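Q: 3D, please:
(2 chains)
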There are 2 protein chains.
Amino acid sequence: MHSLSSLFAPRGIIVVGASSSPEKLGAVMAQSLSTYPAPVELVNSRGENGMHTTIADAAAAIPGGPDLAVLCVPASATAQALRDSAASGATAALVCAGGFAEAGGPGVEFALQVEAAVRETGIRLLGPNTSGFFVPHRNLRASFVPGVAELEPGSVAVVAASGGVNHVLAFHLQRSGAGVSLAAGIGAGTDITAPDVLDYLMTDDQTKAVALHLETVSDGPALIDAVSRLSAVKPVVALVVGRNDVSEFAQSHTGALATSWRTTRSVLKQAGAVIVEDENQLIAAVTALAGRRLSPMPDPGVGLITGQAGPGLLIADALHTAGVTLPRLSQSSQDTIGGLLPPLTFQANPVDTGRPGPGYEKIVAAVAQDPAIDVVAVYGLTEPVADLPLAVANSGAARTMPFVIGVDGPDGDLERTRKSAQQHELPLITGPTSLAHGISALVNDSRGQFQRAEAPEGSLEWPDVHGPWDENRSKELLNAFGIATPDRRVCTTRTAAQQALIDLGGPVAVKLLDAAVLHKTEIGGVHLGIKSAEDMDQALEQLEVAGAREYLVEAMAPAGVDLVVGVRRDPVFGPIVVLGLGGTAAEVFADIAIRSAPLAKRAAEGMPAELLARELLYGFRSGPMLDASALAELLVKLGDALVSNQAIAEIEINPLRLTHSGLVALDAVVINVEEDI
Amino acid sequence: MHSLSSLFAPRGIIVVGASSSPEKLGAVMAQSLSTYPAPVELVNSRGENGMHTTIADAAAAIPGGPDLAVLCVPASATAQALRDSAASGATAALVCAGGFAEAGGPGVEFALQVEAAVRETGIRLLGPNTSGFFVPHRNLRASFVPGVAELEPGSVAVVAASGGVNHVLAFHLQRSGAGVSLAAGIGAGTDITAPDVLDYLMTDDQTKAVALHLETVSDGPALIDAVSRLSAVKPVVALVVGRNDVSEFAQSHTGALATSWRTTRSVLKQAGAVIVEDENQLIAAVTALAGRRLSPMPDPGVGLITGQAGPGLLIADALHTAGVTLPRLSQSSQDTIGGLLPPLTFQANPVDTGRPGPGYEKIVAAVAQDPAIDVVAVYGLTEPVADLPLAVANSGAARTMPFVIGVDGPDGDLERTRKSAQQHELPLITGPTSLAHGISALVNDSRGQFQRAEAPEGSLEWPDVHGPWDENRSKELLNAFGIATPDRRVCTTRTAAQQALIDLGGPVAVKLLDAAVLHKTEIGGVHLGIKSAEDMDQALEQLEVAGAREYLVEAMAPAGVDLVVGVRRDPVFGPIVVLGLGGTAAEVFADIAIRSAPLAKRAAEGMPAELLARELLYGFRSGPMLDASALAELLVKLGDALVSNQAIAEIEINPLRLTHSGLVALDAVVINVEEDI
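A: Next up, the predicted model:
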């Protein structure tokens, strides 16, 4: 049995700090738990209303003992209550109170005491500083918010950093029709964190899709691992907070430093999660994904059938913005549809049906059967005579292909349509743009599963990777990976440098070679386009002034498009590979793609497509064409360099030039971790 | 009386093509109009169910005659029905049928006939190809969609390009609690277009805010003018479709070519509209704006009070993303709030209250009274004991300052809170991100009204602006505007060019000077960094090979940041001023700001702030600082050049270099309209 079963499916519960004053949280919690169909015993130290006065007494009243202790006591009393609960047989606890580390002062000490109690007793703790959790299909609701009594069983699990957001998402899911299977607010995350709950959800049959809300990440690799394993069996949609610097406010809330928003999103996507921008998209995404999931493929095609062209345009525009493909239907499909619709309407995809007529089900079937279509979106204004979910079900197509239905209309119609959708097990979404978000989530889930292949084991023979590294040695390491660099000579004398100019036979670059100098250009340590012996003399003189004792003479690379690639150790997620374009503008636009290492080649191949300026890489104005496979191999090897060598802190190639004859590393820096410099 | 009063407040209606078969559109329309409290007479050529057989008979049955004719007849019969209706006294008509220009074939001819009928009778026509309009507070519902019977009177007007979207927005507004005052789908827009309806709304007292949906724009200046005048008296929020190329589908729908999405949004914003990304944002925006509007100011400060930190973070993050400012509260406000809240919570703004306690109303008042705060957002999960709208009302602060309240909770709680909000005339929004969108709309409306100052009359003495224009003459025109250019000499001989090098006293640029050559660089017509007589000779030789007979010798400008500015004639909106950054990356990122001319200096001053790479303009890495006022003057003058001179088609300055000593136009091209070249 999973260690969180005693939290989410306890055979008995004790509520410590229950109260008979209805305004107190201990009373609200006891009330909330009162519907749970297993023994719930209340503890009140003053014995109010005949409650037990000790934890031991309450536990003794439960045959087989309590699995779960719900603590409604102040921070100062929490550690002792945890120990007493564990001693009485509880193996899980919920602590909702705040006033621990995030509050500072004595709270820091209380937090340490709670950590010690958890460590020494082995009790699994959710909290502190959370408004609880709920499992509606078990009638288990451990929450201070009375409205949770109205939550009905559904198919989406919520794992939220914040108790408040946990409730917000649950209420929205109830309204969307998808409903909640299990919802937990992590709070301070002293013991149980998101990866633990994700792991529990692997085998939770009620859960068809998972909504993950993250504010900060304490254990990056565990999160990546949990998302990767869970998303292989059911879809995971992640909303990461903190696009902007809201850290002062966030810290007061969580007591933790903000994790990089961009890195967190990138590595979760790589692990197979669908990434969304806000909670409205999150709801649409899990509502769609709680239905039938697409199989993994690189670029699923969407068919769109709309009853009205105006909303259809909103949907199509939003799908394009999300990078989703609406393939043109085959001529044969169009012929079939053309025989079923009046000639006025657009039929190539989107298919604009007007109000659903007698041939509607056949149109749905024709779109679904088109070889380019992998998922179908159906939209229409509600009408008394039309039942879209029924029509889709009658088409027979939904037995083999994912559908999402979108409708708009007055409340009564929506309610009726929602019931029909539930009956036919079809996801239903209100609003054109939300429908597009739901469809995009299905597509991105499929793409994510396709890219989420296993990373290969590192297989390189590694040379000595201890420092110091000058540019030449850094480039030798790249050469060992198979990364091209310009022809070069290390020279210690002027004569040797002049000879190198002759040997390399063309304009050369002359650089100061010194492992201690990281930024050569800033101190005049780089001279480009040296053609003559006279130029060379001049350059060497200036390099001597800059303190050079060794020179690197290098063939000039042809013109091209400059990239920047690097791999470094992220404090949360470990080795991280970054790809960006060179130049100031690209830097200002912060146009980069990120992956965690080790990374699969497919994951690396997806990186250039994430750059906003990607068109520069594909023959822009007769420029060179990127070989995405060659770049991916390079990125995989860079990642492997840090995974396989704990001594290396960072490698940066800046620029990595894309030329008509391939990728060339023009400059490279290797930095060791402190103890290995 | 406004000419659209006979459409939106008719004293009598005839329905032409009414039917007694309930499945026919003519029957649905007659049913929909049957609740209107003024005479509605039905026309059926076969006299079904005792209906009138002619338009004249039906009109005669209405004392004073019909104002409005609603036509449910095929495209082929529409023009005659329009003429008959006009002859019988109707001054407005609604035509819902499709089958005109958008359908091609005989539809093109039917469309011409309808245009002629409108022109010759002066009848005002809504449609064809629209599902109608409705004015719930008059019980007037002219729509084929039965659900409109459930729409209750509200305060938001909808002007939608598409009849379908008109209905979608109306149903969403009903659900949001803001409701609809008037909603019209423009359809083909043969006569009545969006500007006409916007104009009507100027004096429609029921309408507090306007939701504008646009697919294509037929008359740009009229739209700008209507939005500008309307937004001065009530807020206008615009959703423009077509971020992506959905033109094939759109054209089948509207029969019109797509208008530039980016240009349309830019000029509507300049005219005072709030621009949104999708219909969900549109609903949140008009719901917030239907309450109290902010006065015009450059950067209103938002105060955020939240009951839960997690949703508060979502709101704060979304507000930052939208570029909205949450100023830190003054120490005095924080002291007041600190005395009302436990010490754990964040109080500087956002103010994290936890569940509303006894001091809640005083906290609300303290935030509202802070001098940095111009609008307050209040958010909380619903609770049986807490009524947020009541608490805000009791604080007294909402009498002088705009508030928006956001809540989440189960349906019953939301319904109760919505009623309280309506009672206290406070806008209410569900969901953290939607609340942020509502607040952003209030802020952007205020900023838009601040920037929407009158453009000055052009006051320059214009020289002869007929072509041809070589670079020197183009630069003389810029000099006449007061725009700096490098020192230069026009030379026709080598000797003169050598003398110019000496006179200009430093490295110079030498360029081919020929009005017939637009792209000098491509043909080797530009040589930079000429320092010596020898260099000059070499350059001149190559220019001669390139065909030069005149040379422009110019002082080299100092290094800096290159901008591109231009003004051209947009086919829809007329003179358009564009600002962007130079270089390939900026081009690929399509990072530009657009305004229509004539433009006010304030509108021009806002342009650099719209560039994503704006930090490059403000001392990036010790680079030069932009003088936004100087750039604005330049942009205003460029706009004026096209407004005042019909002969000029386009002026482009590329690059306009930002240097430590100001802006310098390094190259300039003036192009005349065809007949003036």
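Q: Can you name the residue of the stretch 101-250 of chain A nearest chain B?
A: Chain B sits closest to A:Ser162 of the stretch 101-250 of chain A, with a gap of 2.3 Å, by CB to the nearest CB. Where C-beta positions appear, they are placed from N, C-alpha and C, glycine not excepted.
Q: Is the residue nearest to that residue when sequence neighbours are not counted in a helix, a strand, or coil?
A: Once flanking residues are discounted, A:Ser162 sits nearest to B:Gly310: 2.3 Å by CB to CB, 6 or more residues apart in numbering or on different chains. B:Gly310 falls in the helix class when you classify it by DSSP: H, G, I helix; E, B strand; the rest coil.
Q: Give the full set of residues in contact with B:Gly310.
A: Residues in contact with B:Gly310 (CB atoms under 8 Å, 6 or more residues apart in numbering or on different chains) are A:160-166, A:168, A:185, A:213, A:215, A:253.
Q: how long is stretch A:509-523 end to end?
A: End-to-end distance of stretch A:509-523 (CA to CA, to the nearest Å): 16 Å.
Q: Quick check: buried residues in that stretch?
A: For stretch A:509-523, the neighbour count (16 or more other CB atoms under 10 Å in any protein chain shown) marks A:509-515, A:517, A:520 as buried.
Q: same deal with stretch A:485-494?
A: A:485-486, A:488-491.
Q: which one of those residues sits closest to A:Asp278?
A: A:Thr485 (44.7 Å; CB to CB).
Q: Not counting residues beside it along the chain, what's closest to that closest one?
A: Nearest one to A:Thr485, counting by CB to CB, 6+ apart, is A:Lys475 at 4.4 Å.
Q: Wait, A:Lys601 touches A:Val636, no?
A: Yes: here A:Lys601 reaches A:Val636: they are 5.6 Å apart, a contact under CB atoms under 8 Å.
Q: re earlier: now do the same for the residue of the stretch 101-250 of chain A closest to chain B: its pLDDT.
A: pLDDT, A:Ser162: 94.
Q: Also A:Val577?
A: For A:Val577, the predicted pLDDT is 95.
Q: Those residues of the stretch 151-300 of chain A touching chain B, which are they?
A: Counting by CB under 8 Å from any CB of the partner chain, the positions of the stretch 151-300 of chain A adjacent to chain B are A:151, A:160-168, A:171-172, A:174-175, A:185, A:213, A:215, A:241-246, A:248-250, A:252-253, A:278-280.
Q: hang on, I meant the stretch 351-500 of chain A
A: Checking the stretch 351-500 of chain A against chain B by CB under 8 Å from any CB, the hits are A:352, A:381-385, A:408-413, A:431-434.
Q: List only those of the residues of the stretch 151-300 of chain A next to chain B flagged as buried.
A: A:151, A:160-168, A:171-172, A:174-175, A:185, A:213, A:215, A:241-242, A:246, A:249-250, A:252-253, A:278-280.
Q: how many other residues sit next to the spatially closest residue to A:His137 that is not a sequence neighbour?
A: Nearest residue to A:His137, sequence neighbours excluded (CB to CB, 6+ apart): A:Pro153, at 3.6 Å. Using other CB atoms under 10 Å in any protein chain shown, A:Pro153 has 14 other residues around it.
Q: can you pull the contacts of the residue nearest to A:Thr485?
A: A:485, A:488, A:665, A:668.
Q: Now render those as CSV, adding distance to B:Met51, pLDDT and secondary structure.
A: Output for the contacts of A:Lys475, formatted as CSV (distance: CB to CB, whole Å; pLDDT from 0 to 100; DSSP: H, G, I helix; E, B strand; the rest coil):
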residue, distance to B:Met51, pLDDT, secondary structure
A:Thr485, 88, 97, coil
A:Arg488, 94, 96, strand
A:Ala665, 83, 97, strand
A:Ala668, 86, 93, strand
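Q: who touches A:Leu94 in this structure?
A: A:7, A:68-71, A:125-127, A:130, A:132-133, A:142 are the contacts of A:Leu94 under CB under 8 Å, 6+ apart.
Q: so A:Ile373 makes contact with A:Arg328?
A: No: in this structure, A:Ile373 is not within contact of A:Arg328 by CB under 8 Å, at 10.6 Å.
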